[in-house]
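**Student:** just coords:
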């Protein structure tokens, strides 16, 4: 893309030109080929946005961007730069980045249908289910979320579940060029708070559930703030259809102020009068039961829409919560895009979600099932362990840790989730960052009640996986929780290659004699 800088200025609401030298004014006559907020990517044809964050301030990196060649800067306050640097002051650089990106990429959001999914748990699985079904049914669909950006057989990694606005607009334009007409996007509370989805209009929005997470420190100041951010997706982003999980205790609160057509789903057998504050539930699931099919762990359920029951189906993801995710995907595809319910159910029987209940078995360990899952907070870990316990393993072993430097409350929550659900826990690293793994593990271990299951402490995660493999016995289910789809580990200030599946498969191929505990 290439745009005259002057043509982008009208998109920057309330802008003010701070530089008043001939050299700086001459910058207005230039064209820009890239917008950026990372000084390491800046060059002489870039427009640099000084983003303010909770841990760093982009204004500090403006001199580095200048040395890299940038001469146009969007700032919230003046920065000390040479006189040939054009400084464009705005009230909020994050808002300006979203508005500028929309203009730079010729407003791709106006040409593509967006589906936004928010909630504490289930966003990725619901989104991947919907994307899989829509593509199989001939509707070219892309995905933006925790698992990266995916469309047309291509995959691009991202840092956050919902990336910065500039990244979103870039990929929406790319999707359109590839013939994509729908994009399903995970919309995090942080994204709503930090204006990453500013300017987007979501034709379909879905709320999965709400529980405390991402609160404290550099994240949300309170649970109320966290909930309010998620609620805003349903009311403030132009939805024509809002889909809601009626089983969640805050469903009625989340639907306050929603004016769009609403559809509700539930896995409860309660009658509609059990939801007095909600309209009738359209989608239900009944007769939910675990099913072990070959090397897949899943669940069988009967889908009911408007009182009509369909033939029982197999879902290759266990647990009632994954049935909820499936109902959400059904509502997106049927009520949002008009696909036949039977067709959607057929598609769901054969789908997988990377990093979500990935099953790995090995002929070296017959009767042992390894499960890789992204469960990384107390609620998701409890649900995952409950789902696995339903398959009556000889032992249920849980390997997990917690992230460093933030979301400290997760450590206690995850310990309590595993304390009585697992038969053995292997405490290890997740993404420790600059916090010593031993410190994180110590806090997790201290949160276990005195009569909880036994624990091992193995700070090196790869070694912890090898330990789990070497102690496995027939009938065991071993859950590797927290990393899921991630192919990296954050250690110190570096992102190191780390693929849990590859490490597990390597450990299985060189498995030692079984050890008992």
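**Tutor:** That came through fine. Model, not experiment: these values are computed from the prediction.
**Student:** List the buried residues for stretch 456-469?
**Tutor:** Going by neighbour count (16 or more other CB atoms under 10 Å), the buried part of stretch 456-469 is 456, 458, 459, 461, 462, 464, 465, 466, 467, 468, 469. Heads up, the C-betas are built off the backbone N, CA and C, glycines and all.
**Student:** Determine which two of these are furthest apart.
**Tutor:** Spatial extent of these (CB to CB) is set by the pair 459 and 469 at 17.3 Å.
**Student:** Include secondary structure, pLDDT and distance to residue 323 when you put the buried residues of stretch 456-469 into TSV, please.
**Tutor:** Listed next are those as TSV, based on DSSP: H, G, I helix; E, B strand; the rest coil; pLDDT from 0 to 100; distance: CB to CB, whole Å:
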residue	secondary structure	pLDDT	distance to residue 323
456	strand	96	33
458	coil	96	34
459	coil	96	36
461	helix	95	31
462	helix	95	34
464	helix	96	31
465	helix	96	30
466	helix	95	34
467	helix	96	33
468	helix	96	28
469	helix	96	31
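**Student:** ok, those residues vs residue 191, which is closest?
**Tutor:** Out of those, the one with the shortest distance to residue 191 is residue 461. That distance is 28.1 Å, counting by CB to CB.
**Student:** what's near enough to touch the closest one?
**Tutor:** The neighbourhood of residue 461, defined by CB atoms under 8 Å, 6 or more residues apart in numbering, consists of 401, 428, 429, 430, 483, 489, 498, 503.
**Student:** among those residues, which are in helices?
**Tutor:** With helices identified by DSSP state H, the entries of these that belong to them are residue 503.
**Student:** Let me have the contacts of residue 461 in CSV, adding distance to residue 368, pLDDT and neighbour count as columns.
**Tutor:** Shown next, in CSV, are the contacts of residue 461 (distance: CB to CB, whole Å; pLDDT from 0 to 100; neighbours: other CB atoms under 10 Å):
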residue, distance to residue 368, pLDDT, neighbour count
401, 22, 95, 26
428, 19, 96, 28
429, 23, 93, 29
430, 23, 92, 24
483, 20, 91, 27
489, 25, 91, 20
498, 23, 92, 18
503, 16, 94, 19
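**Student:** Which one of the contacts of residue 461 is nearest to residue 40?
**Tutor:** The shortest gap between residue 40 and any of the contacts of residue 461 belongs to residue 489, at 21.9 Å (CB to CB).
**Student:** pretty sure that closest one is in contact with residue 428, am I right?
**Tutor:** No. Proximity of residue 489 to residue 428 does not meet the contact threshold set by CB atoms under 8 Å, at 10.8 Å.
**Student:** re the thing from before, keep only those of the contacts of residue 461 that are in strands.
**Tutor:** In strands, judged by DSSP state E, the following of the contacts of residue 461 are found: residue 489.
**Student:** Which parts of this protein belong to which domain?
**Tutor:** Dividing the chain into domains by automatic domain parsing, as the record does, gives the ranges 3-94, 108-281+320-340, 358-509.
**Student:** Dump those domains into CSV; add distance to residue 292 as well.
**Tutor:** As requested, the domains of the chain are arranged in CSV below (distance: least, CB to CB, whole Å):
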stretch, distance to residue 292
domain 3-94, 45
domain 108-281+320-340, 15
domain 358-509, 6
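**Student:** Which of those sits closest to residue 352?
**Tutor:** Residue 352 lies closest, by CB to CB, to one member of the domains of the chain: domain 358-509, at 7.5 Å.
**Student:** Tell me how far the closest one lies from the chain's centre.
**Tutor:** Distance of domain 358-509 from the chain centroid (CA atoms, centre = their mean, to the nearest Å) equals 19 Å.
**Student:** Give me the neighbour count for the residue lying closest to residue 361 once chain neighbours are set aside.
**Tutor:** Once flanking residues are discounted, residue 361 sits nearest to residue 295: 5.0 Å by CB to CB, 6 or more residues apart in numbering. By the other CB atoms under 10 Å criterion, the neighbourhood of residue 295 contains 9 residues.
**Student:** Then the one 3 residues further on?
**Tutor:** Applying the criterion other CB under 10 Å, we find 22 residues in the vicinity of residue 298.
**Student:** Report the beta-bridge partners for it.
**Tutor:** Beta-bridge pairing for residue 298 (DSSP bridges): residue 291.
**Student:** isn't it right next to residue 316, touching?
**Tutor:** Yes. Distance between residue 298 and residue 316: 4.4 Å, which falls inside the contact criterion (CB under 8 Å).
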